[in-house]
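Participant: No sequence on hand, only this structure:
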């Protein structure tokens, strides 16, 4: 027999969804059979699985230790979270930097400045990503709840990523991002002289085989609507430092949209910004700034706050780039 007391990070979800997270290897048919046979009870009473869990609820699982071990995927007592953490701990210690670059943290969320070269989440089973490192930072979560990140950046794009430490943090940030209420701004250095400030709308279509997208001027089957704002800050006659507002967040949206306008990002091999012999090793794109909307309640400390992640060192690795950025600072554009 196993008793689980529901805490604040488990409440608010359906009982059957919680059970699927706790007993990850168990078929749904098995879980519903145990509910029907009263082998799984909520607060000592029969449950159907559709009930919404409340903080303080007690779940009783009348299952043998062997069954619990078999279906939790772990020999530990914490179920799926223990298994995930044990799997990632040693690998993450060896391959991930010693500390996260934390820009802000409260009870519910963390704002992290992700370095270029780090995956936001695993692409393959053996990868170590920001997700694994964030789990280490937060302690791995608890039964039925796993901390996670709320937005993603390309591997070679640096900048701000939001991490949710609690269920309410994950839910709130995900909702704000989904509703596009958090303003997201990027900085990039592009080829050519960009003179026009504006907002461009188009459609983006991804080729799954090449993992490359194309920009279309009209809607077609399989395409997604995109909206991107661009503001040229300074130019040296060859390149332009650009501030970008991301209204929609699609795969390679900024990179492909800029390239379609004739201004590929410096260092972007995939979309035409690569120059042989250059010291630039990745696309110079940085998620620079987040602006939160008016918020109340437990997230009021974030209300209308602005957070920025400083440009990484590779934006200064060539003298021409350093001069361009210093010019922007001198003109108070940054």
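Facilitator: Looks like it came in fine. It should be emphasised that the depicted structure is a prediction, and the values quoted were computed from it without experimental measurement.
Participant: strand partners of the longest strand along the chain, parallel vs antiparallel please.
Facilitator: Across the chain, the longest stretch assigned as strand under DSSP state E is strand 224-235. If you go by DSSP bridges, strand 224-235 pairs up with strand 198-207 (antiparallel), strand 239-246 (antiparallel).
Participant: Residue 148 is nearest to which of the ones you listed?
Facilitator: Set against residue 148 and scored by C-beta to C-beta, the strands paired with strand 224-235 come closest in strand 239-246, at 20.7 Å. In short, each C-beta sits where N, CA and C put it, glycine included.
Participant: Wait, residue 263 touches residue 239, no?
Facilitator: No. Between residue 263 and residue 239 there is no contact under C-beta atoms under 8 Å: 9.2 Å.
Participant: if you count what's nearby, which of those two comes out ahead?
Facilitator: residue 263 (23 against 20; other C-beta atoms under 10 Å).
Participant: Run a quick neighbour tally on residue 269.
Facilitator: If we define neighbours as other C-beta under 10 Å, then residue 269 has 12 of them.
Participant: just residue 325 next, same as before
Facilitator: Neighbours of residue 325 (other C-beta under 10 Å): 20.
Participant: coming back round to it: let me know which of the strands paired with strand 224-235 is the nearest to residue 116.
Facilitator: strand 239-246 (16.5 Å).
Participant: mind giving me TSV with the strands paired with strand 224-235 and columns for mean pLDDT and distance to residue 23?
Facilitator: Shown next, in TSV, are those (pLDDT from 0 to 100; distance: least, C-beta to C-beta, whole Å):
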stretch	mean pLDDT	distance to residue 23
strand 198-207	96	35
strand 239-246	98	39
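Participant: related to what we said a few turns ago, which neighbours do residue 263 and residue 239 share?
Facilitator: 190-192 (C-beta atoms under 8 Å, 6 or more residues apart in numbering).
Participant: mind listing what's buried in stretch 271-284?
Facilitator: Buried residues in stretch 271-284, counted by 16 or more other C-beta atoms under 10 Å: 271-274, 280, 282-284.
Participant: Show the end-to-end separation of it, please.
Facilitator: 12 Å (C-alpha to C-alpha, to the nearest Å).
Participant: what comes into contact with it?
Facilitator: 116-117, 154, 156-157, 188-191, 212, 252, 255-256, 258-259, 264-269, 314-315, 317-318, 321.
Participant: Quick check, residue 52 in contact with residue 13.
Facilitator: Yes. With contact defined as C-beta under 8 Å, residue 52 and residue 13 form a contacting pair (7.1 Å).
Participant: the more surrounded of these two?
Facilitator: Taking other C-beta under 10 Å, residue 52 and residue 13 do not tie; residue 13 has more neighbours (17 against 11).
Participant: Now the more buried one: phi and psi?
Facilitator: phi -120, psi 160 (degrees, to the nearest 10).
Participant: Now do the same for the residue nearest to residue 237 when sequence neighbours are not counted: its pLDDT.
Facilitator: Once flanking residues are discounted, residue 237 sits nearest to residue 193: 6.4 Å by C-beta to C-beta, 6 or more residues apart in numbering. pLDDT for residue 193: 97.
Participant: I'd say residue 193 and residue 241 touch.
Facilitator: No. Between residue 193 and residue 241 there is no contact under C-beta under 8 Å: 11.2 Å.
Participant: sorry, back to before: helix, strand or coil: sort out the residue nearest to residue 237 for me.
Facilitator: Secondary structure state of residue 193, per DSSP: H, G, I helix; E, B strand; the rest coil, is coil.
Participant: Please give me every residue in contact with it.
Facilitator: 235, 237-238, 240.
Participant: Kindly recompute the last result at 10 Å.
Facilitator: 232, 235-240, 263 (C-beta atoms under 10 Å, 6 or more residues apart in numbering).
Participant: Using TSV, lay out those together with distance to residue 328.
Facilitator: Converted to TSV, the contacts of residue 193 look like this (distance: C-beta to C-beta, whole Å):
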residue	distance to residue 328
232	10
235	10
236	11
237	15
238	15
239	12
240	10
263	17
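Participant: that older thread, anything in contact with each of residue 193 and residue 241?
Facilitator: Here residue 193 and residue 241 share the contacting residues 232, 235, scored by C-beta under 10 Å, 6+ apart.
Participant: what number of residues lie near residue 249?
Facilitator: 14.
Participant: Over to residue 317?
Facilitator: The burial count for residue 317: 14, using other C-beta under 10 Å.
Participant: so which strand or helix has the nearest residue to it once chain neighbours are set aside?
Facilitator: Nearest in space to residue 317, with sequence neighbours left out and distances taken as C-beta to C-beta, 6+ apart, is residue 279 at 5.4 Å. Taking DSSP states H and E as the definition, one finds residue 279 inside no helix or strand.
Participant: if I look at residue 279, how far off is residue 324?
Facilitator: Residue 279 is 15 Å from residue 324, where distance means C-beta to C-beta, to the nearest Å.
Participant: what's the answer for residue 124, then?
Facilitator: Distance from residue 124 to residue 324, by C-beta to C-beta: 37 Å.
Participant: Many thanks, we can stop here.
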